[in-house]
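1. Predicted model and sequence below, questions to follow.
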Amino acid sequence: MMREWIEEIQSGRQIRQNLISLRREIQEEKQKRALAYLLEGEYGIFVDLLKHEDAKVRKNAALILGEMECEEVLPDLVEAYEREETLFVRSDFLKAIRCYEYDSCLPMLKERKRQIEQMDITQQESKHLREELSLLQNMILQYEKPKKHLFTGDQSKRPVEVILLTNRCQREATRRQIPEEKVAMLAGGVRFSTDQLDQILKIRTWREMLFPIPGLQAVEGTPEQIGKMIGTSKITSFVQGLHEGKPPFYFRVELRGKMPIEKKGSWIRKMAAELEESSGRNWINSSQEYEIEIRLIQTKEEKYVPLLKLYTIEDERFSYRREYLPTSIAPVNAALLMELAKEYLKEDAQILDPFCGVGTMLIERNACVKARTMYGLDILEEAVEKARENTKRAELPIHYINRNFFDFEHEYLFDEIVTNFPGQNKNRDEEQIGELYRKFFEKAMTHLKDGGIVLLYSSEKAWIQRNCRRYPQYRICREYVINEKENQSLFVLQVNQKR
């Protein structure tokens, strides 16, 4: 069909329709190569169409040239872009140009960006000019990376309002570590004001740190109205007070709520464009080089709560955990488990993890209360190798052994066993899980001192209760619900060997 479409175009018949068909066809790499072979690398047919009287013909010809990635046509695309007067086509020329090494075009792109920023844009022009401006900004940033702002915290030591997102079931574990008296409990976290951000950053049980924009509780209206409210708020002075360096700040927008996904993109673009303009370009929307996320959380009343996530904050809490497996526990969850069980943990303890994975549970156990000797076992060699790498970065002396727990022997007993217990999967059914728990309870007793503790993170409450009845040496001290939906809990067991 491609040959027929090309012949039709050369004959001047149904040019627009045939270009559209070609564009659709060459989305597949195989067909793109077929077109290049058919044309023998000569793209003059499309270059000539960049001057066609039909704007949509010019648009589709440009986009095809962009897809074909033939460097020789870049000057033709640039020349066509500069002379193009139809606004909706200009963005498509830029989309074609960005497929090439266009660094030589940067002065022209910057000048065009400056021109648009200084225009008095009418409502009729706004959609297309904003799209063109957004493309220009991102194309320039591909070659000229903005200097990142350095997060310093509020040097004036004025209280800053903070929201910490935490485990929904165990918010209190984080609340206890906050050195402030007034802390509001939210559905998924805590909210408070503090002048000790450096201390808050060390708490290991929060998942995300967000900052409300001073003076803005909730906003409503069109995307343009909301963008203007945020752009003219105290957002710039607030963020500047937490950083070294001047505006502009590069941002992205994250909209969370019930808005249909097909409407979100347009809504966000309109809102972000207005924020840019109303802030005097102190804020620049960038899909790749952003350092701040403006998160809008939709409420039941159709309002939006604006929050800031600062990627300028270097979160070093779990920097050791570079290696992981799909089944690995998230380090923030492991830290939460240890914080919950802290009253049962012994300083200078000897600890064993029989299913250690990549070592996260042991590393977080030591971060919570210092241990003396730690051993990790796993039957998967890859897991043990990754655990060693993570532990090396954590600078801890943990001993890892690639071995089945049920074949493990050791010359002395342990104070604690801590583990993320394996669950059901395609290779392990309910009956096999039951047998695994039975063998674990029987084997664990042989490795624990009298009064020893077992921290078991599991979704199998029934099997734990059943085995505590079968082996009365075990007593369930506490259960901490972690995820109600998935029935995951932390069980604290104590062993009395004399029973």
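-> Received the coordinates, thanks. Numbering: from 1, shown residues only.
2. And the next helix or strand past the helix ranked longest in the chain?
-> Taking DSSP state H as the criterion, the chain has its longest helix at helix 123-143. Next in sequence after helix 123-143, counting helices and strands by DSSP states H and E, comes strand 150-151.
3. and that next one, which strands flank it?
-> Within its sheet, and counting by DSSP bridges, strand 150-151 is paired with strand 243-244 (antiparallel).
4. And Glu411, how close does it get to Asp353?
-> Glu411 sits 18 Å away from Asp353, going by Cβ to Cβ, to the nearest Å. To be clear about C-beta, it is placed using only N, CA and C from the backbone, and glycine gets the same treatment.
5. Could you check which of the two is surrounded by more residues?
-> A side-by-side neighbour count of Glu411 and Asp353, using other Cβ atoms under 10 Å, places Asp353 first with 27 against 4.
6. related to what we said a few turns ago, for the longest helix of the chain, which positions count as buried?
-> By neighbour count on 16 or more other Cβ atoms under 10 Å, the buried set for helix 123-143 is 126-141.
7. and of those residues, the nearest to Pro331?
-> Minimum separation from Pro331 among the buried residues of helix 123-143 (Cβ to Cβ) is found for Leu141, which lies at 31.9 Å.
8. quick one: the closest residue to Pro247 other than its chain neighbours from Val253, how far?
-> The spatially closest residue to Pro247, leaving aside those adjacent along the chain, is Asn282, at 3.8 Å (Cβ to Cβ, 6 or more residues apart in numbering). Separation of Asn282 from Val253 (Cβ to Cβ): 16 Å.
9. For those two, work out which one has more neighbours and name it.
-> The neighbour count for Asn282 versus Val253, taken as other Cβ under 10 Å, is higher for Val253 (21 against 18).
10. Surely the more buried one is in a strand?
-> Yes - using DSSP: H, G, I helix; E, B strand; the rest coil, the assignment for Val253 is a strand.
11. Is it in contact with Leu296, as I believe?
-> Yes - between Val253 and Leu296 there is a contact at 6.8 Å, judged by Cβ atoms under 8 Å.
12. Find residues that contact each of those two.
-> With contacts defined as Cβ atoms under 8 Å, 6 or more residues apart in numbering, the residues shared by Val253 and Leu296 are Met271.
13. Buried residues of the strand or helix carrying Trp267, list them for me.
-> Taking DSSP H and E as the definition, Trp267 sits inside helix 261-278. For helix 261-278, a neighbour-count test (16+ other Cβ under 10 Å) marks Trp267, Ile268, Arg269, Lys270, Met271, Ala272, Ala273, Glu274, Leu275, Glu276, Glu277, Ser278 as buried.
14. ditto for stretch 411-423
-> In terms of neighbour count (16+ other Cβ under 10 Å), stretch 411-423 has its buried residues at Phe414, Asp415, Glu416, Ile417, Val418, Thr419, Asn420, Phe421, Pro422.
15. Run a quick neighbour tally on Glu4.
-> If you count neighbours by other Cβ under 10 Å, Glu4 ends up with 10.
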